[in-house]
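Trainee: Okay, predicted coordinates and the sequence, questions at the end:
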Amino acid sequence: EAGVTQFPSHSVIEKGQTVTLRCDPISGHDNLYWYRRVMGKEIKFLLHFVKESKQDESGMPNNRFLAERTGGTYSTLKVQPAELEDSGVYFCASSQEGGVSYNEQFFGPGTRLTVL
Amino acid sequence: AQSVSQHNHHVILSEAASLELGCNYSYGGTVNLFWYVQYPGQHLQLLLKYFSGDPLVKGIKGFEAEFIKSKFSFNLRKPSVQWSDTAEYFCAVVSYNTDKLIFGTGTRLQVFP
């Protein structure tokens, strides 16, 4: 069974540019989560999809971040325009129906974003 | 707001030494507790979890953790570490009314042969 995949693995962009990160969850997993780890800090929750609906987006830093999950399969996270403080590793995770309280979250390898 | 504290940021041990990594959380209600591990170049993966029942939880690769409710702690232990345990370890908590993991800052463990 394929795990959670993320693309790209690394992205280096200049301040003001746009970047789109993609996450493909494990097939059949209704729950999809985005997290971010800024260097030296904790991994922080960004948002949670259940199928195509945003269940919780309380962790999204500001309106420069836009997450979508059309059709309830893969998800994209767009940062527009990118700022220096957006640099970090963006993780995606998925779990089966029922949410993390009952099912393990499986993580992808992360996308390392560097904004210059 | 819920938070998780990991007091050891970087731990260096020799093989066969015993390990204990501290984790404290701040939340008064019912929680689920996790330890995740990230080996060099690999994904975050679940090491062990506590949902209910026996507060001493056994995970993969000989790791265990003890939930002490009165101390809001969930410390990770291993009696004898191996070089292959070199990794970063993250404690995390989820409360019943949310689905999001709240992580600590992580502990980098280096084990020397």
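Mentor: Here it is on my side, so go on. Residues are numbered from 1 along each chain as shown, chains lettered A, B, ... in the order given.

Trainee: Tell me the pLDDT of residue A:39.
Mentor: For residue A:39, the pLDDT comes out at 87.

Trainee: Flag every residue of chain B that's near chain A.
Mentor: B:4, B:32, B:36, B:42-46, B:49, B:90, B:94, B:96, B:98-106 (C-beta under 8 Å from any C-beta of the partner chain). C-beta: built from backbone N, CA, C; applies to glycine.

Trainee: Pull out the buried residues from these.
Mentor: When the residues of chain B next to chain A are checked for burial by 16 or more other C-beta atoms under 10 Å in any protein chain shown, the buried set is B:4, B:32, B:36, B:43-44, B:46, B:49, B:90, B:94, B:98-106.

Trainee: residues contacting the closest residue to residue B:39 other than its chain neighbours?
Mentor: Distances taken as C-beta to C-beta, 6 or more residues apart in numbering or on different chains place residue B:87 nearest to residue B:39, at 4.5 Å, with adjacent residues excluded. For residue B:87, the contacting residues are B:37-40, B:109, by C-beta atoms under 8 Å, 6 or more residues apart in numbering or on different chains.

Trainee: and which of the residues you listed is nearest residue A:18?
Mentor: When the contacts of residue B:87 are ranked by distance to residue A:18 (C-beta to C-beta), residue B:38 comes first, at 28.5 Å.

Trainee: give me the number of residues near the closest one?
Mentor: 20 (other C-beta atoms under 10 Å in any protein chain shown).

Trainee: Just list the residues touching it, thanks.
Mentor: Contacts of residue B:38 by C-beta under 8 Å, 6+ apart are B:44-45, B:87-90.

Trainee: Nearest to residue A:109 among those?
Mentor: For the contacts of residue B:38, the nearest to residue A:109 is residue B:44 (8.8 Å; C-beta to C-beta).

Trainee: so what's residue 31 bridging to?
Mentor: Using chain A. Beta-bridge partners recorded for residue A:31 (DSSP bridges): residue A:50, residue A:95.

Trainee: I was after chain B.
Mentor: residue B:95.

Trainee: can you list the residues of chain A near chain B?
Mentor: So far as C-beta under 8 Å from any C-beta goes, chain A lies against chain B at A:3-4, A:31, A:33, A:35, A:40-45, A:48, A:55-56, A:58-59, A:91, A:93, A:99-101, A:104-105, A:107-110.

Trainee: Which residue ranges of chain A form strands?
Mentor: A:5-7, A:10-13, A:19-24, A:31-37, A:43-50, A:53-56, A:65-68, A:75-79, A:88-95, A:106-107, A:111-115 (DSSP state E).

Trainee: hang on, the earlier thing: and the contacts of residue B:87, which of them are in strands?
Mentor: Those of the contacts of residue B:87 lying in strands (DSSP E): B:37-38, B:109.

Trainee: JSON lines please, covering the residues you listed and showing pLDDT.
Mentor: JSON lines is the format used below for the ones in strands among the contacts of residue B:87 (pLDDT from 0 to 100):
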{"residue": "B:37", "pLDDT": "97"}
{"residue": "B:38", "pLDDT": "95"}
{"residue": "B:109", "pLDDT": "97"}
